[in-house]
Structure formats: C-alpha cells, structure tokens
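[1] Based on what follows, work out the 3D shape:
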Amino acid sequence: MDTSVTIIGLVLTLIIAIPLFYVIHSNSINKTKIKNIKTRFSQNNRFNFELTETQNKKVLALDEKKKGFLLIDFNAKEEVVSFVDLNTIQSCKLVPTTENNSDTILKIEFEFQYKEAKKTEYISFYKIENDQIGQVCLYEDHQLAKKWAKMIQDCITV
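    Next up, the predicted model:
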C-alpha cells in the first residue's frame, strides 16, 4: 500500500510540476525579451521606459520625462515592436475599425499626428485575427488602449 500511495503522489506531483515549470520558464523568457527590446529602443539610455503595463501578450511602455512610447505585441506570428518619439507628435487618438453595418470591432489603432510633416502614423493595437478565440480580449484591450491613449496625449501636452 505504501508503494502505490508513493507512486500516485509522484504522478500527481509531476502532473502539477511540469506545466508549472513551463509557465515559469516562458515568463522568464518573455521578461528577458521585453528587457532586451526596451534596451534596444532606449537609444543609448536616452529613453527610460519606467511606466510599463502588460496585458494579453501586449506590452506598453512610456517614458514621461523624455517622451517616448513603446508597444510590443507578442500575439502576431512574429513579434511586432513599435516605437514613437512623442517629441515629434502633435496628438494621439484611438481609432477603432468596425465591420460594415455592424458593431463588431475588427481592429483598434493608435493614430499619431506629427507636428512637422503633418503626416499621420497608425500603430495597430488590436486585430481580430490575432485574437485566438475571437473578440475575447477585445473589451480588455479596448479599455487598456483608451487608458494609454489618454496617458500618451497627456504626455504630449505637458
């Protein structure tokens, strides 16, 4: 009886430990990737992205003092990294794109209006094709995007 209890205990421990190991390992790899990307876009320590938020495999980082914005999206097949120097930006707003004759949001983008060239740049924040289960992350992502659009606009106007 002691042998069977020991074997069952070991099996249950392995069932719990193996997935836990992979989750911890994946998180450490992602943290290292994020740190390396932040370092790469800091432009020789010009930008210090101290304000960072992570949600649904997206990382948003902001340097409020030197005015830099970094968006990292791990949802796409290949990670997408977008950097914007907010010193050159006049305004930032959120642009949701909906399906024809429907309220279904297909994508959400940040729209950056430049000061000098009067050109506009769009940075994709949410795409329905990257949402694995189909709009499960939409509400959370939309709320996060609204919050960050306001933070970026506040940073620009200061």
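[2] the strands in the chain, which residues?
    Under the criterion DSSP state E, the chain contains strands at 51-55, 58-63, 68-73, 80-85, 89-98, 105-114, 120-127.
[3] any chance of those strands in a markdown table, plus mean pLDDT and distance to residue 32?
    (Each C-beta comes from the backbone N, C-alpha and C, glycine too.) Shown next, in a markdown table, are these (pLDDT from 0 to 100; distance: least, Cβ to Cβ, whole Å):
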| stretch | mean pLDDT | distance to residue 32 |
| --- | --- | --- |
| strand 51-55 | 90 | 14 |
| strand 58-63 | 92 | 13 |
| strand 68-73 | 92 | 13 |
| strand 80-85 | 92 | 15 |
| strand 89-98 | 90 | 29 |
| strand 105-114 | 90 | 26 |
| strand 120-127 | 90 | 24 |
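[4] what bridges to the residue nearest the centre of the chain?
    The residue lying closest to the centre of the chain (Cα atoms, centre = their mean) is residue 58, at 1.8 Å. For residue 58, the beta-bridge partners are residue 55, residue 73 (DSSP bridges).
[5] Residue 153 touches residue 94, doesn't it?
    No - in this structure, residue 153 is not within contact of residue 94 by Cβ atoms under 8 Å, at 9.8 Å.
[6] and the residue nearest to the centre of the chain, how far is that from residue 119?
    Applying Cβ to Cβ, to the nearest Å, the value for residue 58 to residue 119 is 25 Å.
[7] quick one: residue 14 and residue 7, what's the gap?
    11 Å.
[8] so how far is residue 10 from residue 3?
    Distance from residue 3 to residue 10, counting by Cβ to Cβ: 11 Å.
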